[in-house]
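Colleague: next input, structure requested:
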Amino acid sequence: MDTSECLQCGNPIEAGLVICPHCGGHDLEVAREDLRVKKIDVGHDNLTVNQAQIALDKEFLAAKKRLDDFLIIVHGHGSSGTGGKIKVMVHDFARSLIAARHAKDFIKGEDLTRTSSAAKRISSNHPGVRSLKEWGKRNPGLSILVL
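Modeller: The predicted structure is shown next:
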């Protein structure tokens with residue numbers, strides 16, 4: 001029997017089903033090709049916070065111009081494991097974009113779980129995000145910006 005993974009709950013489902021028997025989800029087949037995603041890494045090239053900010057600004061503007069749907073920002077989690085200055089800058093940058101209505105939403109990597117309220121909100125509004133390989137895998141070293 002062929003199986004795939006439900007993009008809402010992650011449980012295995014029989015290929016060809018229209019509704020997930022585990023969660024009742026309807027968005028079982030969201031093609032990755034339909035998503036326009038850019039992934040950038042500002043946390044692992046020994047950049048200063050200022051250099052990382054400049055790189056992030058540049059990539060954000062390019063992503064908006066390309067009409068990307070999501071910007072995955074790899075910022076690292078700091079040498080202490082609890083969050084470095086670049087991570088804080090990325091989160092502040094994302095919040096300022098949302099406040100200025102230049103971005104729709106963002107989620108911190110530590111909230112990338114199937115049960116977090118942020119993940120539920122974003123995946124409800126943008127079901128295609130569930131097909132990202134990073135989705136549902138808690139990772140405090142990255143954030144996802146919804147453009």
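
Colleague: quick one: low-confidence residue ranges for the protein.
Modeller: 1-11, 15-19, 23-33, 78-83 (pLDDT under 70).

Colleague: tell me where it has helices.
Modeller: 49-66, 85-99, 117-125 (DSSP state H).

Colleague: can you list those helices in CSV and add mean neighbour count and distance to residue 76?
Modeller: C-betas here are computed from N, CA, C, even on glycine. Formatted as CSV, the helices of the chain follow (neighbours: other C-beta atoms under 10 Å; distance: least, C-beta to C-beta, whole Å):
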stretch, mean neighbour count, distance to residue 76
helix 49-66, 15, 10
helix 85-99, 17, 6
helix 117-125, 15, 20
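
Colleague: and those helices as TSV, adding distance to residue 140?
Modeller: Converted to TSV, the helices of the chain look like this (distance: least, C-beta to C-beta, whole Å):
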stretch	distance to residue 140
helix 49-66	16
helix 85-99	8
helix 117-125	13
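
Colleague: for residue 105, find the nearest of these.
Modeller: Minimum separation from residue 105 across the helices of the chain (C-beta to C-beta) falls at helix 117-125, 5.5 Å.

Colleague: from the contact counts, what lies against that closest one?
Modeller: strand 105-108, strand 142-146 (3 or more C-beta pairs under 8 Å, 6 or more residues apart in numbering; DSSP states H and E).
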